[in-house]
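1. Sequence first, then the predicted structure:
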Amino acid sequence: MTHMELTRRSFVVTTAAAAGGLMLGVSASQASQVAAQPWMSPTDKDGVEISHWVSIDPEGVVTVRTGNCEMGQGAFTAVPMMINEELQADWSMIRTQYADANRHVTNDNLYGRMSTGGSGTVRRGRVMLQQAGASVRERLKAAAAAAWGVDASTVVAKDSMLMSGSNHGTYAEFASAAASIALAQEPEIKTPDQFTLLGTSMLRVDVPLKVNGSAHYAIDTRLPGMAYGAIQQPPVQDWNSHPTFDFSAIADRPGVIAAVELFSVEGMVKRDAMTNGVVVLADSWYRAKTALEMMPISWSAAAAAGTTNDGLRVMLMAALEHPGTVHREEGDHANILTALAASNNTMTHEFFRPLEPHARMEPVNSTVSVTDNRVDVYTGTQNAPSTLGTVADQLGVDPSIVFVHPAFLGGGFGGGPGTFTARQAAEVSRQAGMPVKLVWSREEDIMHSKHRPMGVGRMIAAFGDDGLPTHVWSRNTSHRRSFSEMPYKIPNQLHEFNKTHTHIAISSHRGPGTNVNALCVEQAVDEWALAAGWDPLEWRIHMTEDNGVDDWNQMFRTLKTVSGFTTDLPKGEGIGVAGQFDHGTIIAQAVHLSVSRRGQIRIHKVDNVVDPGHVINPLGGIIQLEGGVGFEMSHSYKGGLEVVDGQIKNNNYDSFHMARIADMPEVTVTFSLTGGDKWGGFGEPPSATFAAAMGNALYFATGKRVWETPFTKHDFSWS
């Protein structure tokens, strides 16, 4: 009983089970056991692999493999749905497991795209996955036809049964024969008008596991002989800042095993590169972290020491004075600039958005076991092959001996934490000669994960006699998106992107680009409309009529109906709207809020109208849109990282303020589908529109226009 371990999951389970009081259940650590992974159990153990995507066991259980990770967005439901639209197996008999990244890498990218991001699971994978299901179905039919002596065209496949006349049998009966059949040509896949499963709401298959506590996350991993690692990296992000430390001061502390120093590689600054750091190993993470905090560590001077948010903002604003890369040009370049300079009717808008962290619920972690002839990696990764390659690169081994064991992710959103922590854990495991579970503290996560970039921009518009914009120019530093994708009838447009970075490492972040720039674009649209005497939503409807963007026009008209948008509300109440294109989807959003006289903000409702073209799981789409609203609400409303003396100071949840359950508004979702070749995503679009829609709502509630976030840093009191 000298080493006790109370996990968050066991605390929740035992306390929830207690009736009438608090009951704590504590059990001895099972460190010698690898945590169970129930959804990954090999249901095809005694069955047959018909293709690398699908196996069928003797009980008729169909195992579908997915290259896409499950981080709460529903991939473990969406992928088998797309395969089963063609396969037509009994849905209750389908199980999902991760595809093998080692098999993928050593077999010429067998599973196609095994990266999860950019809202791409459906829009980039659907055709391949439908084809996989159709191929297995036709091979099963061919096997049955051969056994029955009938033409394969007479065989019907439905609900895991094969039928032709009086002949019938299960998929399991013909799985072995089907595995050996090679089709003369691949079958045609269904078009959306032929779907029977896709387009119907299906419950997410991962939810029961997460409710009953059996879902396995990377942080749940336990390996025999495993050490726990706690890490400290330079307080100011700098690839050349090195530590001086005294391990002897903690060497005799209980459970402490060793200290391992990590070294960055000169010139290697990509997002999965090694950073300088010190890792303390112990027999529990608590002991490792406590010892690390007690060990004397000093860091050499960092080049970015002394920088602040204000200083970084000034640096980025200075970059706006220099020409950038043109990413959209309609009309003549020189004439646009001349017309803007000559016009006596222009409006100029500038905006600022601070750095924002991913702030995932699950602490960033990886467990790696390095031996002479095999490397095993347990992590939550959005790109298992990339993680495999990174570990192989760090260790200098052939990728064929590296095996990545993905888990559910306790939050993803971009940034690649499972990859760069896997590199660190692999190096520590090699040096220590034992399996190592490396866990970043929340402070290390927020200080050293790759964040959403700080963004500034400027936009100038000139107007005709009718008050409508004739010329628009913009230049920004964070991303090309949003500015370059305005759907409105503006004949002359010039948009530039001047890529500029701070010393803080950045990466993709749910809705990259649009989640920063739309604050300027869609608040400016409201200003243009109001200056010309238009209702802002009517302006958007008018400016998308007869413009080759009928889907936008339909969407804005639908938003008008579902939101009840009006500018005629009592003081202190407001509705704001915004529209954006993001990852193949267009979205319009209305934020309903109220502001007390003292400036306290309460968001009551968010209406979303979305057009991804098609929806494969309406319920899954709604869940993603609700989550996206909450995600961006945290940043727009309460977030924002503060850089002081080069360091991120608000590096835990006591100082980095996220939206809480009580802040979450009612969220409605209306699909405005236009079909065709459009296949957009759901995970990121709601993050694009929220800040601008909230800003517009705050203006109508208080008369105050703010061009930077978080909104809680501004005074919205009124009288």
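-> Structure received.
2. Would you map the helices across the stretch 151-300 of the chain?
-> For the stretch 151-300 of the chain, the helices defined by DSSP state H, counting those that start in this stretch occupy 171-179, 207-212, 285-294.
3. my bad, should have said the stretch 301-450 of the chain
-> Taking DSSP H, counting those that start in this stretch, the helices of the stretch 301-450 of the chain run over residues 309-319, 333-342, 384-395, 417-432, 442-448.
4. which stretch in the helices of the stretch 151-300 of the chain has the least confidence?
-> Per-stretch mean pLDDT for the helices of the stretch 151-300 of the chain is lowest at helix 207-212 (a mean of 92).
5. would you turn the helices of the stretch 151-300 of the chain into a markdown table with mean neighbour count?
-> Any C-beta I mention is one placed from the backbone N, CA and C, and that applies to glycine too. Listed next are the helices of the stretch 151-300 of the chain as a markdown table, based on neighbours: other CB atoms under 10 Å:
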| stretch | mean neighbour count |
| --- | --- |
| helix 171-179 | 21 |
| helix 207-212 | 13 |
| helix 285-294 | 19 |
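6. Among these, which comes closest to residue 129?
-> Nearest to residue 129 among those is helix 171-179 (18.0 Å), distances taken as CB to CB.
7. The closest one - contacts with which helices or strands?
-> Helix 171-179 sits against strand 48-49, strand 54-56, helix 126-148, strand 161-164, with contacts defined as 3 or more CB pairs under 8 Å, 6 or more residues apart in numbering; DSSP states H and E.
8. Of the helices of the stretch 301-450 of the chain, flag the one that's most buried.
-> helix 417-432 (a mean of 26; mean count of other CB atoms under 10 Å).
9. Which secondary structure elements does that one sit against?
-> Applying 3+ CB pairs under 8 Å, 6+ apart, one finds that helix 417-432 contacts strand 227-232, strand 256-262, strand 277-282, strand 365-370, strand 375-379, helix 384-395, strand 436-439.
10. since we're on the nearest residue to residue 710 once chain neighbours are set aside, how many residues are nearby?
-> Leaving aside its chain neighbours, residue 710 sits nearest to residue 640 (4.5 Å; criterion: CB to CB, 6 or more residues apart in numbering). Neighbours of residue 640 under the rule other CB atoms under 10 Å: 24.
11. Can you give me the separation between residue 640 and residue 262?
-> Using CB to CB, to the nearest Å, residue 640 is found at 30 Å from residue 262.
12. Any idea which of the helices and strands packed on helix 171-179 gets closest to residue 352?
-> Nearest of the helices and strands packed on helix 171-179 to residue 352, taken as CB to CB: helix 126-148 at 38.5 Å.
13. Compile the helices and strands packed on helix 417-432 into CSV and extend it with columns for mean pLDDT.
-> Formatted as CSV, those follow (pLDDT from 0 to 100):
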stretch, mean pLDDT
strand 227-232, 98
strand 256-262, 98
strand 277-282, 98
strand 365-370, 97
strand 375-379, 96
helix 384-395, 95
strand 436-439, 98
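14. Out of the ones you listed, the one nearest residue 610 is which?
-> Going by CB to CB, the one of those nearest residue 610 is helix 384-395, 29.5 Å.
15. now the closest one: how far from the chain's centre is it?
-> From the chain centre to the centre of helix 384-395 is a distance of 21 Å (CA atoms, centre = their mean, to the nearest Å).
16. same thing with stretch 708-719?
-> On the basis of CA atoms, centre = their mean, stretch 708-719 sits 28 Å off its chain's mean C-alpha point.
17. Repeat that for stretch 555-575.
-> The answer for stretch 555-575 is 30 Å, by CA atoms, centre = their mean.
18. Go ahead and name everything in contact with it.
-> 535-538, 540-541, 544, 577, 579, 586-597, 607, 609-611, 668, 670, 672, 696-702, 718 (CB atoms under 8 Å, 6 or more residues apart in numbering).
19. Give the buried residues for stretch 567-577.
-> 574, 575, 576, 577 (16 or more other CB atoms under 10 Å).
20. Of those residues, which pair is most distant in space?
-> 574 and 577 (10.6 Å).
21. Spell out which residues are contacts of both of the two.
-> Common neighbours of residue 574 and residue 577 (criterion: CB under 8 Å, 6+ apart): residue 696.
22. Where does pLDDT dip in this protein?
-> Counting by pLDDT under 70, the chain shows low-confidence ranges at 1-46, 267-271.
23. middle-most residue in this protein, spatially?
-> Centroid check for the chain by CA atoms, centre = their mean gives residue 413 as the closest residue, at 2.4 Å.
24. That one contacts residue 632, correct?
-> No: between residue 413 and residue 632 there is no contact under CB atoms under 8 Å: 10.7 Å.
25. Can you lay out the helices of the stretch 301-450 of the chain as TSV showing distance to residue 115?
-> Output for these, formatted as TSV (distance: least, CB to CB, whole Å):
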stretch	distance to residue 115
helix 309-319	29
helix 333-342	36
helix 384-395	7
helix 417-432	11
helix 442-448	22
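26. Figure out which of those is closest to residue 63.
-> Nearest of these (CB to CB): helix 384-395, 17.6 Å.
27. what's in contact with the closest one?
-> Applying CB under 8 Å, 6+ apart, the set of residues contacting helix 384-395 is 67, 69, 98-99, 101-102, 104-105, 109, 114-115, 272, 274, 368, 370, 375, 377, 379, 381, 398-399, 402-404, 406, 416, 418-420, 422-423, 426-427, 430.
28. Next: stretch 231-247.
-> Here stretch 231-247 makes contact (CB under 8 Å, 6+ apart) with 258-259, 261-262, 264, 266, 269, 273, 275-279, 292, 295-305, 424, 438, 440, 444, 447-448, 503-505, 645-647.
29. Pull out the buried residues from these.
-> 258-259, 262, 264, 273, 275-279, 292, 295, 297, 299, 302, 304-305, 424, 438, 440, 444, 447-448, 503-505, 646-647.
30. got the end-to-end distance for stretch 481-498?
-> Its start and end residues considered, stretch 481-498 measures 12 Å (CA to CA, to the nearest Å).
31. Next, find the distance separating the residue lying farthest from the centre of the chain from residue 157.
-> In the chain, counting by CA atoms, centre = their mean, residue 149 sits farthest out from the average C-alpha position, at 50.7 Å. Distance, residue 149 to residue 157, by CB to CB: 18 Å.
32. quick revisit: quick one, phi psi at the residue farthest from the centre of the chain?
-> The phi and psi values for residue 149, taken as degrees, to the nearest 10, are phi 70, psi 40.
33. OK, contacts around it?
-> Contacts for residue 149 (CB under 8 Å, 6+ apart) come out as none.
34. again with residue 420
-> 271, 272, 273, 275, 390.
35. on that earlier part again, turn the buried ones among the contacts of stretch 555-575 into a named ChimeraX selection, would you?
-> Here is the ChimeraX command that picks out the buried ones among the contacts of stretch 555-575, judged by 16+ other CB under 10 Å:
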select :535,536,537,540,541,544,577,579,586,587,588,589,590,591,592,593,594,595,607,609,610,611,668,670,672,696,697,698,699,700,701,702
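36. Now, the contacts of stretch 555-575 that are in helices?
-> 536, 537, 538, 540, 541, 696, 697, 698, 699, 700, 701, 702 (DSSP state H).
37. now, the most widely separated pair of the residues you listed?
-> The most widely separated members of the ones in helices among the contacts of stretch 555-575, counting by CB to CB, are 541 and 702 (25.6 Å).
38. tell me the secondary structure for residue 89?
-> Secondary structure assignment for residue 89 (DSSP: H, G, I helix; E, B strand; the rest coil): coil.
39. That one: neighbour count?
-> Here the number of neighbours of residue 89 (other CB under 10 Å) works out to 27.
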